[in-house]
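**Q** what follows is a predicted protein model with its sequence.
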Number of protein chains: 2
Amino acid sequence: MTTVDNGVNVQALLDAREALKGAPEAAQFTWRASSTWQNGVHSTTTVQNFFGLGQEQAHKSETVFDADHPEVFAAQDNGITPIEYLLVGLASCLTAGVASVAQNRGIQLRSVRATVEGQHDIRGILGVDSDVRNGFNDVKVTFAIDADASEQEIAALVAQSQKRSAVFDALTNPTNVTVEVA
Amino acid sequence: MTTVDNGVNVQALLDAREALKGAPEAAQFTWRASSTWQNGVHSTTTVQNFFGLGQEQAHKSETVFDADHPEVFAAQDNGITPIEYLLVGLASCLTAGVASVAQNRGIQLRSVRATVEGQHDIRGILGVDSDVRNGFNDVKVTFAIDADASEQEIAALVAQSQKRSAVFDALTNPTNVTVEVA
C-alpha cells in the first residue's frame, strides 16, 4: 500500500471548511500591497501583512517586487511589466489548485507545469484606437502533468482547480476597483 | 526655467502611438509565464520571453517568483499567495501610469505611493458556500502623491492613469481564459 503525498494538508483545509461554515466573519480576508514609484515607469511593490481569521496576519518575510517596462518601450526593464504579474498569479493559482485537488482525490503527482500566454493589443494602452481594450484580449493556460492517473482523471483535476481558483475568477469575471487619492 | 523629468520617455511613447496607427500587427503582444509545481501549493513561476513588434523579445534577465499559501492555511509560506500577485500588478500599473501621464502633462512628481487592499471571502475557494465568489469581492487603491500640481491636477493624473491601465481593465472587465491539458 502506498500513501499519496503531494505535500498538501488536505485535512486542515477540510477542517477549515467546516469551521468557517459557522464563522463567516473569520473567512473575510484583506490582502495588501504597497507600491512606491522609483523613476520612469519603475516601481517597487512590497507585500507582507494581511488580515484574516479575525486578526492581523503576516507572511514570514516581506517580499519586494520590481515592475517596469521593457527596453522596447523606451524604459529600463528593471522588472517584469505589471500585466505579466497577472499571469504569474494565474499560473501559480491553478498549479496550487491541481496539487490540492490531486491530494484530495488520492492522486500522486510527479510533475506539474503550467504555461500561460496572454494576448495583448497595446494599441489600447497607447491610445491608438479607443475600440481596443487596455487589458488582455484572451489568455491561454496549458498544463503538462505527470501523475499516477488516467488522462481523464488529469483533465478532471485541472477542471476542478479552475472551478475553485481565486485568480481564474478574478480574471474571467469583473471586480469593482475603486481608486482614490488620499 | 525648470525641466520636468519623471524619467519617462514620453516622446518615444507618442512616436510609438503614431507608428502603430499604421501597423496594428506590430501592436500584438504575447506575454508569457511558466509555473513549475514544487511541493504542496508552492510553485515557482519564471518570466522572461515575450513577443511583440513582430518578433520574439526578452527581458534583460529571467525573473523567478515563488507562490505559496501562508502558514494559517497549513502551508509553508514560501512566497506570497497567487491572488496577491494581482495586487502587485494593479499597484505597479497605476503607479507607472501616473508617472507617464505626469510627464506628458509637464507635472514634476516628487513621490508616489499606492496602497492596495483586496477584500476576499475565502469561503468561495474552500467550497463552503457556492454563492460566494472565488476572487476578490472588491479592491481599493489609495494614492499618496507629492507633486508640483494642484489637488485637482493630481486627481486628474490618477483618473487618466486608471483610464489607460492594462491591469485595471483586466480586473474590472472579464477576459476569456482557456485552460487545457497538453
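**A** Structure's in. What do you need?

**Q** close to chain B, is the longest helix along chain A?
**A** Longest helix of chain A, by residue count under DSSP state H: helix A:82-104. Yes. Against chain B, helix A:82-104 shows contacts by CB under 8 Å from any CB of the partner chain at A:82-96, A:98-100. Heads up, the C-betas are built off the backbone N, CA and C, glycines and all.

**Q** buried ones in the lowest-mean-pLDDT helix or strand in chain A, by neighbour count?
**A** Counting by mean pLDDT, DSSP states H and E, chain A has its least confident helix or strand at helix A:10-21, which shows a mean of 92. Going by neighbour count (16 or more other CB atoms under 10 Å in any protein chain shown), the buried part of helix A:10-21 is A:V10, A:L13, A:A16, A:R17, A:L20.

**Q** could you say what helices and strands the helix or strand just after the longest helix of chain A packs with?
**A** Counting by DSSP states H and E, the element after helix A:82-104 in chain order, helix or strand, is strand A:109-121. In this structure, strand A:109-121 packs against helix A:82-104, strand A:138-147, strand B:28-39, with contacts taken as 3 or more CB pairs under 8 Å, 6 or more residues apart in numbering or on different chains; DSSP states H and E.

**Q** tell me the most buried of the ones you listed?
**A** Neighbour counts (mean count of other CB atoms under 10 Å in any protein chain shown) averaged over each of the helices and strands packed on strand A:109-121 peak at helix A:82-104, with a mean of 28.

**Q** what mean pLDDT does that helix get?
**A** Mean pLDDT, computed over helix A:82-104, is 98.

**Q** just to revisit the earlier point, can you redo the helices and strands packed on strand A:109-121 as TSV with distance to A:V112?
**A** Shown next, in TSV, are the helices and strands packed on strand A:109-121 (distance: least, CB to CB, whole Å):
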stretch	distance to A:V112
helix A:82-104	5
strand A:138-147	5
strand B:28-39	4
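
**Q** and A:S111, which of these is closest to it?
**A** Among those, the nearest to A:S111 by CB to CB is strand A:138-147 (4.5 Å).

**Q** mind saving the C-alpha coords of the closest one as CSV?
**A** The C-alpha trace of strand A:138-147 is given here as CSV (Å, rounded to 0.1, in the frame of the first residue of the first chain):
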residue,chain,number,x,y,z
ASP,A,138,-7.5,36.5,-24.1
VAL,A,139,-5.4,34.2,-22.0
LYS,A,140,-4.4,30.6,-22.6
VAL,A,141,-3.1,28.2,-19.9
THR,A,142,-1.6,24.8,-21.0
PHE,A,143,-0.8,22.2,-18.4
ALA,A,144,1.7,19.3,-18.7
ILE,A,145,1.1,16.9,-15.8
ASP,A,146,2.8,13.7,-14.9
ALA,A,147,0.8,11.7,-12.3
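
**Q** so which elements touch it?
**A** Packing contacts for strand A:138-147, counted by 3+ CB pairs under 8 Å, 6+ apart, involve helix A:82-104, strand A:109-121, helix A:151-163, strand B:176-181.

**Q** between these, which one is nearest to A:H59?
**A** helix A:82-104 (14.7 Å).

**Q** quick one: distance of that closest one to the chain centre.
**A** 5 Å (CA atoms, centre = their mean, to the nearest Å).

**Q** now do it and strand A:138-147, the angle between them.
**A** Angle, helix A:82-104 to strand A:138-147, by axes from the mean of the first three to the mean of the last three CA atoms, to 10 degrees: 30 degrees.

**Q** show me what the least confident helix or strand of chain A is packed up against.
**A** In terms of contacts (3+ CB pairs under 8 Å, 6+ apart), helix A:10-21 is packed against helix A:82-104, helix B:123-126.
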